[in-house]
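>>> need a 3D model of the following:
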Amino acid sequence: MTNPQSDPTAAAAPSQVLTFVIGDATYGVDIPCVQEIRGWSAVTRLPQAPADVLGVLNLRGTIVPILDLRLRFGSTNVQYTPVTVIVVVSVMSTKGPASSGWSWTAYRTSSISPLRT
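The predicted model follows:
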């Protein structure tokens, strides 16, 4: 019996990811990092923030910065419609857990298998 952690040739289980398309590229976020998917709601703007930083949202007492990844990755014709979502993602930073909201228009869940080398 092989241990997948010690045997590099052992098949790893597929990961579940939330995928989204911006322009011609497809991106993905590990499902365990996704805290919540919300419909579009207005955010509190921040003065002198970069264009892709839409503002902040009070999410049950936690202030979460909201970024529009379409703007971050160079899209110019960005619209906020009923299908625009905010995906709240939690990641581990050097200072501990951190959350941010990412805005985009469409998404789906997918399974991917790790590359074998």
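>>> tell me which residues touch Ser90, please.
Cys33, Gln35, Pro97, Ala98, Ser99 (C-beta atoms under 8 Å, 6 or more residues apart in numbering). Glycine gets a C-beta too; all of them are placed from N, C-alpha and C.
>>> leaving out chain neighbours, which residue sits closest to the first one?
In other words, Cys33. Distances taken as C-beta to C-beta, 6 or more residues apart in numbering place Val89 nearest to Cys33, at 5.2 Å, with adjacent residues excluded.
>>> excluding chain neighbours, give the residue nearest to Gly39 in space.
Val85 (6.3 Å).
>>> all strands for the chain, in order.
15-22, 25-30, 34-39, 53-59, 62-68, 85-93, 96-104, 108-112 (DSSP state E).
>>> out of those, nearest to Val78?
Between Val78 and the strands of the chain, the shortest separation by C-beta to C-beta is 6.3 Å, and it involves strand 62-68.
>>> can you list the strands that that closest one pairs with?
Within its sheet, and counting by DSSP bridges, strand 62-68 is paired with strand 53-59 (antiparallel), strand 96-104 (parallel).
>>> Pro47: neighbour count?
Around Pro47 there are 5 other residues, counting by other C-beta atoms under 10 Å.
>>> quick thing: my sequence starts at 624, can you match it?
Yep, numbering from 624; the last one is Pro670 now.
>>> quickly list what the residue nearest to Cys656 is bridged to.
Here Val712 shows beta-bridge partners Val657, Ser723, assigned using DSSP bridges.
>>> the one 4 residues further on too?
Using DSSP bridges, the bridge partners assigned to Ser716 are Gly719.
>>> any idea how far it lies from Ser722?
Using C-beta to C-beta, to the nearest Å, one obtains 10 Å as the distance from Ser716 to Ser722.
>>> for the closest residue to Val640 other than its chain neighbours, give its distance to Gly719.
Take Val640 and drop its neighbours on the chain: the residue closest to it by C-beta to C-beta, 6+ apart is Gly651, 3.8 Å away. Distance from Gly651 to Gly719, counting by C-beta to C-beta: 24 Å.
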